[in-house]
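*Asks:* how would this look folded up:
(6 chains)
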Protein chains: 6
Amino acid sequence: MLLDEMTSEEFAQMVRLDPVVIIPFGATEAHGPHLPLCTDSVQPEAIAMAAAERLECLVAPPVRYGQHSSTRNMPGTIDITFETLHLLARDILHALRRQGLTKAVILAGHCGGLHMAALRLAAEEVAQEGGIRVMLIADYDLAVAKLSEATDDMKDGHGGALETSRVLDIRPDLVKRKRGVGTAGSSGGEVLRNPEKLYPQGFVGDASRATAKAGNIVNEHVITELVKMIEDRFGE
Amino acid sequence: MLLDEMTSEEFAQMVRLDPVVIIPFGATEAHGPHLPLCTDSVQPEAIAMAAAERLECLVAPPVRYGQHSSTRNMPGTIDITFETLHLLARDILHALRRQGLTKAVILAGHCGGLHMAALRLAAEEVAQEGGIRVMLIADYDLAVAKLSEATDDMKDGHGGALETSRVLDIRPDLVKRKRGVGTAGSSGGEVLRNPEKLYPQGFVGDASRATAKAGNIVNEHVITELVKMIEDRFGE
Amino acid sequence: MLLDEMTSEEFAQMVRLDPVVIIPFGATEAHGPHLPLCTDSVQPEAIAMAAAERLECLVAPPVRYGQHSSTRNMPGTIDITFETLHLLARDILHALRRQGLTKAVILAGHCGGLHMAALRLAAEEVAQEGGIRVMLIADYDLAVAKLSEATDDMKDGHGGALETSRVLDIRPDLVKRKRGVGTAGSSGGEVLRNPEKLYPQGFVGDASRATAKAGNIVNEHVITELVKMIEDRFGE
Amino acid sequence: MLLDEMTSEEFAQMVRLDPVVIIPFGATEAHGPHLPLCTDSVQPEAIAMAAAERLECLVAPPVRYGQHSSTRNMPGTIDITFETLHLLARDILHALRRQGLTKAVILAGHCGGLHMAALRLAAEEVAQEGGIRVMLIADYDLAVAKLSEATDDMKDGHGGALETSRVLDIRPDLVKRKRGVGTAGSSGGEVLRNPEKLYPQGFVGDASRATAKAGNIVNEHVITELVKMIEDRFGE
Amino acid sequence: MLLDEMTSEEFAQMVRLDPVVIIPFGATEAHGPHLPLCTDSVQPEAIAMAAAERLECLVAPPVRYGQHSSTRNMPGTIDITFETLHLLARDILHALRRQGLTKAVILAGHCGGLHMAALRLAAEEVAQEGGIRVMLIADYDLAVAKLSEATDDMKDGHGGALETSRVLDIRPDLVKRKRGVGTAGSSGGEVLRNPEKLYPQGFVGDASRATAKAGNIVNEHVITELVKMIEDRFGE
Amino acid sequence: MLLDEMTSEEFAQMVRLDPVVIIPFGATEAHGPHLPLCTDSVQPEAIAMAAAERLECLVAPPVRYGQHSSTRNMPGTIDITFETLHLLARDILHALRRQGLTKAVILAGHCGGLHMAALRLAAEEVAQEGGIRVMLIADYDLAVAKLSEATDDMKDGHGGALETSRVLDIRPDLVKRKRGVGTAGSSGGEVLRNPEKLYPQGFVGDASRATAKAGNIVNEHVITELVKMIEDRFGE
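*Replies:* From the prediction side, this is the model:
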């Protein structure tokens, strides 16, 4: 399943079957005092692996660097520029196409506005060139449909109960026991120089409500939905 | 009010008062068979002028070219690339700062995802450099709070009843009498080469419900909200 | 005539006639104490509209930002970089070509050296790619043939009697009554950091001689010449 | 040790100790019929982890995409452009510096000429800006000193006995049993369009001689040398 | 005088005297059947050497590649892009400044519009940054004042009597005996795809009138003027 | 032989014979107290001329600016950026191809790592596009086979006995009589901000052993090898 654990010949054989390839795009980003910096990496990587098993498709090496706006100045966020992320995604799609793959899925674990825009810009450019079809999915968008499994706080967000539950299901060893409540301020339309000030706890929601069980239900839902979406677009 | 109708000296005097400057970013984009290509230009330009009168602030020359994804292949959409729009917005902010202005508002009439991202990227870069504060507001986001004035179709969107009502209030001469219903398909997560196929009528919503009266109520609301937001951030 | 006042369908019908499209490129630039910052915008916009009426052709949305060297540090000049102007002109030509237009005229109101070079670079690149033919005309170059209608000062230049007369004909409300004499120094071949020092009055020529009548004669000449040039190249 | 398995707070505390951070740069590249595409990734990642344990330093998330020339057209090589790799390395160094880290080690598993140049260009630019010191080391350069542990073929190279031995020590499950001999032709100074033709087997050397034991000796040597080099430059 | 014929130490000593440095920018361009492709290179190089002797200043290594529009498709024109020329000139100015030089003269032998614009753009950017002052002079502009020494054809131009005379004075061995008349057509404002068609002979003017004697008078004039201009701006 | 000493017509005739074209890429770089800054320029230029005579091929105008890392801060090094050198080489190859030439040899006098990488990147890109074949050769790599003619110091390097001997053969007037010994330190894997500190004398080797005779033997060898390599790849 993992594209780069194959040999060159195994890869060549696999390509003849015209498989889907999923590329997990994570990030290294502050997620409050209870979640690891790899929160946005481990989620799409786990989802991609599970989906790939069901679909018998490939998973390309994950990318663990992304673009960040609001958490950029928080300790631990390692952010790359919009342009670099855009070029990286475009180059990977180009290389996959050159290798004969025709169906790619970018699965994004971080769904910041500019981050997603960089991935979308790359996807649109390559889709317009043709030769490879591209899906772009933020796994958070699928997970949020099951938000009520984890919390009744409809404003739950970055690093909140939903994400914490999901990571408790995937990598419980990386989640701290002490989990509190995080709030978000509003910039009132201003593009701030220090947006981290709007997030005094560094996350948004009531992380104390998170449970591995809820996370498991959400993750199962995300995997099922993702598989369905891919089959709908790329199946026969 | 209009920055470029002043002389150099008048502008220099005005700058001493440290005024806000609003920059309307429009677009030239297909909006169905009943609305003009300048739909996304006339709305923020009219709003900016009205707000500037109340705030006694400046309106910079509008930009009438934007980035387009879903309508890119429809007749009449004149789209510029993400990078060009990004550089244009950045250069204008840089130039306004060099001229001594310290408070800018980008008012976007078109709110496509990549279009807004290009403006946001520019705004974030300049805000991080300092010397000028920047607000970024899509007037559609303010208008949508009053959607029910124009229609009860909660899926109303691009070129629908809300936009049609607003243009009927601003430039009724540019709106066609015959106004129908537009529907939107789903790409199921795929980034399409021909996204226009999802919009067979070229717009989304029931434009037949649009009225100038509703448009006026919505526009008044947008002006009032915009003025309030600017005063909240940039007032004393 | 105004491209963006059409609907998508009207535009599509017009394109079938293979019309010429004129794109007015103006600027926001200091023009002395008597002329507005939009001096270089209103001239090509008015000329383009008049020519389009005679030619039954399209006028694309004007651009009111340009590149500036000598006036860059004067109050009110809002300048964008060479590269941004180049990309903007190139993108617009690309988009017009994608829409099926085959004959474009860039009409420049500002004729600074680097500004014109940015437009020319874009025009040459697109012309070499093919699919659309491009004319590039600075309306000042056509006007200067009638300089003697406005003044006998052969060194009349930026913001001088010729330009003032033309704006008096087009937008008399934007011209101040008090109009004096502006002089220009020489940099002796040096590329100056503060070139504005060579223009202590911010304009060049004897603006007191300007009259609306002379402006009208000049503008009529410019329109007639432009129409003739376009017919010569793009007519059958 | 793994930077992104920490929380934001843990990272902030760690930064106060002014630790070294190692960034493993791998690749996805054809390495003959016996080695996996991740050969250049697993080596520096394993070395970095072992060195980090001894040095009590950080390991940043690895990058598994690189620039490729000679193997570019072989099945399974996923290559990104020089410029993208350069920007990615530069951005990561910038972000680490912004986070307060002052000592970075780029550990490259792939040592192609342009690949290393892209990393070096980034390292030189950031070093010249100051604020963070950068070491750039290709682990192959350290390993080759122990080449004779694995083979007596002095022309052993890409995917040969040395690399195969090392991967046998690190990820034996990914190495095929059948391992043969690969040869390399010469381009005679020409920069070829199809350089893969010079490598008919896709690797260079006698892989049949590879043993996990030799690999272990080599890897221990690489770790020891790397630790010594880092202590020499970044120790007190 | 020739900067790069000095040793590092000699250069360091020279820099202490704060000398002017002249950088000849030539081109490789078709100049009709009688003149060599290096016509625009040998002129500024000879002028620079003569001026440097009088001024006791430095001459940097010449550049013999430029940007070309109208002759781009003629045999022998080797043209580089606007952007490359711009970056090259900028980099050279930056490097000279980093070496402690504070007064640079770009002497251009080719004076095509975009070519000069690329040099000017670089010069303006570096002048605005400060630390080095820059003059930009096209030697043709100085030579044309003595046009009547070579011909009475006021439309003499590219490769005509003036240039031919000058090269006859500098490198007579490179000028062909057979020299005729070249004419220029007009593009009527269009930016042509094949502009070479406007120049059927590849040059403009009556080259048969050219004489080495006239060339010598013109060249002496250019040297004298250049020396005077440099002394005016950069002398004490 | 010199491409730019031909007329346009002579060049066109020559192109019909499908000749090889050699492009000498030199540099302006500190080479210790005994060698001129043009050391890396005069070597490939002399070699190219001699080889071209034997091969009856073309020599394009030399480039005398390059990218420099370790000597960047030494007096007299005029360095251009990686990107500029890359674009310059690419543009020249593109222009030669547009002119109908199909076989190019880049002959590099300076062989710094990033400098060569910039040339290689350009060569690979153009070779992959097709239409022209490209060889890339550093003349130092050919010369070093005859190192023992000039010295028995196997660590002889930049500005040492080998290079000094070669320049004594080519331009003895530019070599100083006083020639000593230069040493090199090690950066231990660090990418230094001030790499010049590793070279206290500014060169590496025992220059006192250099002789014109040894230089002549080496240069003859380089010419012969280069001719053979070109004939092997580009001959019939």
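
*Asks:* only C-alpha atoms from now on, for both contacts and neighbour counts.
*Replies:* OK.

*Asks:* show me the contact partners of the worst-scoring helix or strand of chain A on mean pLDDT.
*Replies:* Sorted by mean pLDDT, DSSP states H and E, the helices and strands of chain A end with helix A:147-150, the least confident at a mean of 94. Contact with helix A:147-150 is made by A:154, A:161-162, A:165, A:209-211, A:214-215, A:217-218, as judged by C-alpha atoms under 8 Å, 6 or more residues apart in numbering or on different chains.

*Asks:* show me the two of those residues that sit farthest apart.
*Replies:* A:Met154 and A:Ile217 (17.9 Å; C-alpha to C-alpha).

*Asks:* which one's more surrounded, those two?
*Replies:* A direct count of neighbours by other C-alpha atoms under 10 Å in any protein chain shown for A:Met154 and A:Ile217 places A:Ile217 higher, at 17 against 10.

*Asks:* for the nearest residue to A:Pro36 once chain neighbours are set aside, give me its contacts.
*Replies:* Spatial nearest neighbour of A:Pro36, excluding adjacent residues (C-alpha to C-alpha, 6 or more residues apart in numbering or on different chains): D:Thr7 at 4.2 Å. By C-alpha under 8 Å, 6+ apart, the contact set of D:Thr7 is A:30-37, A:76.

*Asks:* tell me the one of the residues you listed nearest chain E?
*Replies:* The closest of the contacts of D:Thr7 to chain E turns out to be A:Gly76 (C-alpha to the nearest C-alpha; 34.8 Å).

*Asks:* which of the contacts of helix A:147-150 are buried, as a ChimeraX select command?
*Replies:* Only the buried entries of the contacts of helix A:147-150 go into this ChimeraX selection, using 16 or more other C-alpha atoms under 10 Å in any protein chain shown:
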select /A:161,162,165,209,210,211,214,215,217,218
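
*Asks:* the contacts of helix A:147-150 in helices, which ones?
*Replies:* Among the contacts of helix A:147-150, the members found in helices (DSSP state H) are A:161-162, A:165, A:214-215, A:217-218.

*Asks:* got the phi/psi numbers for the residue in chain A that chain F sits nearest to?
*Replies:* Going by C-alpha to the nearest C-alpha, chain F is nearest to A:Arg98 of chain A, at 13.4 Å. Main-chain dihedrals, A:Arg98, degrees, to the nearest 10: phi -60, psi -30.

*Asks:* A:Val204 now?
*Replies:* In terms of degrees, to the nearest 10, the main-chain angles of A:Val204 are phi -130, psi 120.

*Asks:* state the pLDDT value of it.
*Replies:* pLDDT recorded at A:Val204 is 98.

*Asks:* same deal with A:Leu93?
*Replies:* In this prediction, A:Leu93 has a pLDDT value of 98.

*Asks:* secondary structure element for it, which one?
*Replies:* Here A:Leu93, judged by DSSP states H and E, is contained in helix A:82-98.

*Asks:* same for that helix, what does it pack against?
*Replies:* Counting contacts by 3 or more C-alpha pairs under 8 Å, 6 or more residues apart in numbering or on different chains; DSSP states H and E, helix A:82-98 is packed against helix A:113-129, helix D:82-98.

*Asks:* of all the ones you listed, which lies closest to D:Gly235?
*Replies:* Of all the helices and strands packed on helix A:82-98, helix D:82-98 comes closest under C-alpha to C-alpha, at 18.3 Å.

*Asks:* find the closest residue to chain E in chain A.
*Replies:* Residue nearest to chain E within chain A: A:Glu83 (19.7 Å; C-alpha to the nearest C-alpha).

*Asks:* below-threshold pLDDT in chain A: ranges please.
*Replies:* A:236 (pLDDT under 70).

*Asks:* tell me which stretches of it form strands.
*Replies:* Using DSSP state E, the strands of chain A run over A:20-25, A:58-59, A:103-108, A:133-138, A:181-182, A:190-191, A:205-206.

*Asks:* could you export those as a markdown table, including distance to chain E and mean neighbour count?
*Replies:* What follows is the strands of chain A, written out as a markdown table (distance: least, C-alpha to the nearest C-alpha, whole Å; neighbours: other C-alpha atoms under 10 Å in any protein chain shown):
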| stretch | distance to chain E | mean neighbour count |
| --- | --- | --- |
| strand A:20-25 | 34 | 27 |
| strand A:58-59 | 40 | 24 |
| strand A:103-108 | 34 | 25 |
| strand A:133-138 | 33 | 24 |
| strand A:181-182 | 46 | 19 |
| strand A:190-191 | 28 | 24 |
| strand A:205-206 | 48 | 25 |
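
*Asks:* can I get those in JSON lines with distance to C:Pro44?
*Replies:* Formatted as JSON lines, those follow (distance: least, C-alpha to C-alpha, whole Å):
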{"stretch": "strand A:20-25", "distance to C:Pro44": "49"}
{"stretch": "strand A:58-59", "distance to C:Pro44": "56"}
{"stretch": "strand A:103-108", "distance to C:Pro44": "47"}
{"stretch": "strand A:133-138", "distance to C:Pro44": "44"}
{"stretch": "strand A:181-182", "distance to C:Pro44": "56"}
{"stretch": "strand A:190-191", "distance to C:Pro44": "36"}
{"stretch": "strand A:205-206", "distance to C:Pro44": "56"}
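
*Asks:* using CSV, lay out these together with distance to chain F.
*Replies:* Converted to CSV, these look like this (distance: least, C-alpha to the nearest C-alpha, whole Å):
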stretch, distance to chain F
strand A:20-25, 26
strand A:58-59, 28
strand A:103-108, 25
strand A:133-138, 24
strand A:181-182, 42
strand A:190-191, 33
strand A:205-206, 44
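
*Asks:* ok, A:Asp232 - how many residues close by?
*Replies:* Residues lying near A:Asp232 (other C-alpha under 10 Å) number 12.

*Asks:* give the contact list for it.
*Replies:* Residues near A:Asp232 by C-alpha under 8 Å, 6+ apart: B:Gly188.

*Asks:* my guess is A:Met49 contacts A:Pro61. True?
*Replies:* No - A:Met49 lies out of contact with A:Pro61 (C-alpha atoms under 8 Å); the separation is 11.1 Å.

*Asks:* residues near the closest residue to A:Thr77 other than its chain neighbours, how many?
*Replies:* Nearest non-adjacent residue to A:Thr77, counting by C-alpha to C-alpha, 6+ apart: A:Glu29, 4.0 Å away. Counted with other C-alpha under 10 Å, residues neighbouring A:Glu29 total 31.

*Asks:* ok, now A:Gln13?
*Replies:* Neighbour count for A:Gln13, taken as other C-alpha under 10 Å: 11.

*Asks:* tell me how far it lies from D:Pro75.
*Replies:* 9 Å (C-alpha to C-alpha, to the nearest Å).

*Asks:* what's the separation between the residue nearest to A:Pro36 and D:Ala60?
*Replies:* Distance, D:Thr7 to D:Ala60, by C-alpha to C-alpha: 14 Å.

*Asks:* so how far is D:Leu88 from the nearest residue to A:Arg90 once chain neighbours are set aside?
*Replies:* Leaving aside its sequence neighbours, A:Arg90 sits nearest to A:Ala122 (C-alpha to C-alpha, 6+ apart; 4.8 Å). A:Ala122 is 16 Å from D:Leu88, where distance means C-alpha to C-alpha.
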